[in-house]
Every structure is written in structure tokens, then in C-alpha cells.
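Novice: fold the following and give me the result.
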Amino acid sequence: MTEHKFKPGHVSRAFRGVMLVTLAWLTGCSQIPAYQRPAAPVPQQFAADSPATDATALPDWQAYFPDPALHTLIEAALANNRDMRIALARVEEARALAGVARADRFPTLEAQADANRTRTPADLSGVGVARTTSRYDVGLGVTAFELDFWGRVAALNEAARAQYLASDEAARSFRVSLIGDVAGTWYQLIELTERTQLADGTLKTREESLALIRKRGEAGLATDLDVLAADSLVESVRAQWADLKRQRAQTENALRLLTGMAVPLPETPGATNQTVLAGLAPGLPSDVLLRRPDVRAAEQRLIASNANVGVARAAFFPRIALTGNLGTASSALSGLFDAGSQAWLFQPILTLPLFDAGRNRANLEVAEARKVQAVADYEKAIQQAFREVADALAARTTYAEQLRAQEANLRAINARLERVKARERAGIANYLEVLDASRDAFSTEQALVTSRLQVLGAQVTLYKALGGGA
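Specialist: As a prediction, this is how the structure comes out:
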């Protein structure tokens, strides 16, 4: 019979292997619930007559807004807008907090040095003689490093990372909104400039007509009623001209605020009928909403809430923290590194919750309730995004139809004005008919410019609703 002898090294290696397997199993017992993206509570397709198009076809803002003057304003806003700076600073704050949470998953190694000198009185020394002792320590140590058996630290790290990504997406969402706001304000300034110029030209024409009517009244060829009507028409246009000047000044101030007061406003180019934006196909699939930064931010907040449930669950399980130190110690500074001065400390601490008056249960219920809120917030964000895109698509179509009707209406009114003027010159119609037709033509011209702005505004709104381009 062969005799087997057990060697201490074999036992030690076997014990270490069992411990490693046990630790690996325990580390895999994460309490973080598996995340599943909720189904989008919206139709799969926006209402449109054209076939579906790939959502990746959205152009970036430089291609979508081809106006070079607008490019200057948008670039200034992205660089100097104070709200944009705040949003970016919040992203950096969240990124740093995520770094702090990530660092908790690793032990912190510290170099430690300590020196103390103690005097013990004679009546306490035990030998009846006062004693003075010295101690010097140098070493490397780890303090209260938590072994993450139940995934608590990992869940905290996951939650912090999701909050960082949510802040980053929120900054992207603000960036898209800022670009749209600058573009919309710029087009509004173009529209007000065009309407102001139209009112200015009309006012000069009306003043000339008023002077002519007054001369005809002095010659007995026009009545006092004709003069009063012409004078009323002049003052009406003058009031609109002043109101348009005020609106234009306020719009310029708003644009300067958006751009951070960093650049002078470019001269307003052209008119609303000369502004062309890149086209977007109306048959977009609804999954384009999942690419909106605000929807992605809501999903990251949901992921953070899901991880916080794991943190609350892990609180029911034991926590093990390790404190250790390895170095040298001596009663004399010169003996710190002598032979036999090695010193070490190994201190595991096990914390097991026994009674907390329901605190952990309440914290878990809070985390689960917040997750339910985050799910509802995510679904609401998708629904809101769907409505914004659908409204923008409907606005683009109807405003285009309204613009075509306004153009046809203006052609008809201008033709009527020319005929009334010809009848008045022939003595068939009185001047009041001319003034009435002129008033209608001016109002329709102003409405036509506003309709062009509404078409541009719908395009800008659609770009923002789709979450911007690349």
C-alpha cells in the first residue's frame, strides 16, 4: 500500500483555489435588475402620403441652413451662449462624478508614515518608573475597501455613468434647440425687415397720394371725405410702421442674447421668398424619435433608476470591507528598516443588517417607485416627441398650402387695385374705392410675408423636433 503525504503547499493552493471560485461566484451575484428598453407607446409611422425614409438621412445644420450669415450667428451662439456654457459645465460635473463612482470599485493604496512619542507616568507604567516611548511607522495601506459581492458598488457606478450620459444628451438637446432658436429668430428678423421696408414704401406712397388728394380738394375735384379717408390711411400705415420697427429692434436684441453678444449682426440678406432650406422627407419612421437627445437623456435616467434599485437591493446583504497595512515599525527612527522590523495589519470588517426599523425596505420601495416614474417619463418623452414631429409635418404642409393661397389672393387683389385705379381715372369710381383696394393690397402683402416666415418656421421646428442632424 502506497502512503500519501499531504504537503502544506498543496493544501494552501487548494484553499486559495476554493476561495477564488467562491469570490468569483459571489461577485457575479449582482442585484441590478436586467434593463429592458420599454416599447415606444406611439404608432410606427408618421401620417404621410410618401413612403418611409431612413432616419439617418437628416443633414447637419450647416447643410440644412445654407445661409452663410446664419452660419456665423450659429457658430457664435454655440461658442458664447451662456446657457450653453452652463449645460457643458453640467456635463463635465456629471463626468467627474462618474469618475468618482468608478474609482470606488478599486482599492485606494496610500503611503503612510507615522511618528509618536508618549510619556507614561510612574503610577501607570506598571514598574513604578515614568517611561517615555517612541514609535515610528512607514508602510503602504488600504483603508475600508469594499468587496462588491452583491454589486452595490457596481450599481452605484452604473447609476453615475447613466447620469453622466443623461447630462451629455441634455446638452446635445439644448444645442439643437439653440441652433433652431437662432435660425428661427434670424428668419423672423428677415421677415420683420421685409415688412418694415414694405410699410416704409407704402407710407411714402400714401403720403404722396394724400398730398395729391389735398390739392384736388383745393381745386374742388375731391371731397373732404376723400381727404379724411386718405389721411386715415396714412396714419394707419404709420402706426404699423412704428410697431414693426419696435418688433425688429426687440428681435435684434433677442438674437444678440442668443449669440452671447459676441458678434455684430450681419446685414439682413434678401427676403423670405429667397430663403431656401434643405428638404426633409415627410415619411419618416417613428423610431427616429429614439435618436432625439432628450429621449436618449430620458432613457439614461431610466437606466440610472434601474441601477439604483440594485443599490437598494444590495443593502439587504452583508458588506465586507478590508483594511490592511504593510510596512516597518521601530522604536527608533534609525531602526525602521532593520531586520525584523516588518509590521502588517489585516482587518476585514463584516457588516450584516439585522434590524433597521424597515429603512432598507423603504429605500427599496423608493427606488422602485422612482423607476416607475422614470419609465413613465421616458414614455412621455417619446409621446411628446412624436407629437412635435407630427405637428411640424402637418404645419409644413398646411403652411405651404396657405402660402400658395396667399400668393393667389395677392395677385387677385393687385388686379382689382389696378382696375379700380383705371375706373377712378376714367371718372367711373370714386377715390374711396381706390383707398379701400390699396388697404386690402397692403394687408395682403404683409400677410404674404408672414406666411413665408411660417413656412420657414415650420421647417426649423421640424429640424428641432427630429433632434437635429449629424
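
Novice: could you use CA atoms for every contact and neighbour count after this?
Specialist: Will do.

Novice: need the contact partners of stretch 418-425.
Specialist: With Cα atoms under 8 Å, 6 or more residues apart in numbering as the test, stretch 418-425 has contacts from A429, N430, Y431, E433, V434, A437.

Novice: tell me which element the nearest residue to the first one once chain neighbours are set aside is part of?
Specialist: Of all residues not flanking A429 in the chain, R423 sits nearest, at 5.3 Å (Cα to Cα, 6 or more residues apart in numbering). Under DSSP states H and E, the secondary-structure element containing R423 is helix 359-425.

Novice: now the strands: where do they sit in the chain?
Specialist: Here the chain has its strands, by DSSP state E, at 109-120, 131-147, 319-330, 342-351.

Novice: among the contacts of stretch 418-425, which one sits closest to A307?
Specialist: Looking at these and their distance to A307, the nearest is A437, at 69.5 Å (Cα to Cα).

Novice: OK, contacts around the residue positioned nearest the centre of the chain?
Specialist: Compute the mean C-alpha point of the chain, and by Cα atoms, centre = their mean the closest residue is A170, 2.5 Å away. Residues near A170 by Cα under 8 Å, 6+ apart: A87, P293, D294, A297.

Novice: and it, how far from T132?
Specialist: Taking Cα to Cα, to the nearest Å as the measure, A170 and T132 are separated by 64 Å.

Novice: what do you get for A426?
Specialist: As for A426, its distance to T132 is 128 Å (criterion: Cα to Cα).

Novice: neighbours of E92, how many?
Specialist: Residues contacting E92 under the criterion other Cα atoms under 10 Å number 15.

Novice: just the one 3 residues further on next, same as before
Specialist: One way to gauge burial is a neighbour count; for R95, by other Cα under 10 Å, it gives 20.

Novice: same thing with the one 3 residues further on?
Specialist: By other Cα under 10 Å, 21 other residues sit near A98.

Novice: contacting residues for it?
Specialist: Contacts were defined as Cα under 8 Å, 6+ apart; by that measure A98 touches N157, A160, R161, Q163, Y164.

Novice: quick check, the last one in contact with V91.
Specialist: Yes - here Y164 reaches V91: they are 6.5 Å apart, a contact under Cα atoms under 8 Å.

Novice: neighbour count winner among the two?
Specialist: Neighbour totals were compared for Y164 and V91, and Y164 leads with 26 against 21 (other Cα under 10 Å).

Novice: against A98, how distant is that one?
Specialist: Using Cα to Cα, Y164 is found at 7 Å from A98.

Novice: likewise for S177?
Specialist: Here the criterion is Cα to Cα. By it, S177 lies 26 Å from A98.

Novice: please apply the same query to G310.
Specialist: With the distance defined as Cα to Cα, G310 ends up 17 Å from A98.

Novice: how about R423?
Specialist: Applying Cα to Cα, the value for R423 to A98 is 80 Å.

Novice: and the helices in the stretch 51-200 of the chain?
Specialist: Taking DSSP state H, counting those that start in this stretch as the criterion, the stretch 51-200 of the chain contains helices spanning 61-64, 68-80, 82-103, 122-125, 152-218.

Novice: what's the most buried one of those?
Specialist: Ranked by mean neighbour count under mean count of other Cα atoms under 10 Å, these are led by helix 152-218, which reaches a mean of 21.

Novice: tell me the mean pLDDT over that one?
Specialist: Averaging pLDDT along helix 152-218 gives 90.

Novice: surely E158 meets A304?
Specialist: Yes - using Cα under 8 Å, E158 makes contact with A304 at a distance of 6.8 Å.

Novice: before we move on, back to that, need the helices of the stretch 51-200 of the chain in TSV with distance to L350, can you?
Specialist: Putting these into TSV (distance: least, Cα to Cα, whole Å) gives the following:
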stretch	distance to L350
helix 61-64	57
helix 68-80	52
helix 82-103	22
helix 122-125	35
helix 152-218	15
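
Novice: go through those helices and name the closest to E146.
Specialist: For the helices of the stretch 51-200 of the chain, distance to E146 was read as Cα to Cα. The smallest value, 8.1 Å, belongs to helix 152-218.

Novice: just want the angle from the closest one to helix 68-80.
Specialist: Computed by axes from the mean of the first three to the mean of the last three Cα atoms, to 10 degrees, the angle separating helix 152-218 from helix 68-80 equals 140 degrees.

Novice: roughly how far is helix 152-218 from the heart of the chain?
Specialist: 19 Å (Cα atoms, centre = their mean, to the nearest Å).

Novice: how many neighbours does V42 have?
Specialist: Residue crowding around V42 was assessed by other Cα under 10 Å; the count is 17.

Novice: could you report the pLDDT at it?
Specialist: In the prediction, the pLDDT value recorded for V42 is 80.

Novice: please name the residues that touch it.
Specialist: By Cα under 8 Å, 6+ apart, the contact list for V42 reads S286, I382, Q383, F386.

Novice: quick check: the last one touching S286?
Specialist: Yes - in this structure, F386 is within contact of S286 by Cα under 8 Å, at 7.2 Å.

Novice: from what I can see A298 touches A376, true?
Specialist: No - assessed by Cα under 8 Å, A298 is found out of contact with A376, at 9.7 Å.

Novice: so how far is the helix holding R423 off the chain centroid?
Specialist: Between the centre of helix 359-425 and the centre of its host chain there is 20 Å, according to Cα atoms, centre = their mean.

Novice: state the mean pLDDT of that helix.
Specialist: Average pLDDT, helix 359-425: 90.

Novice: can you check the distance spanned by stretch 103-110, start to finish?
Specialist: Distances were taken as Cα to Cα; on that basis the terminal residues of stretch 103-110 are 14 Å apart.
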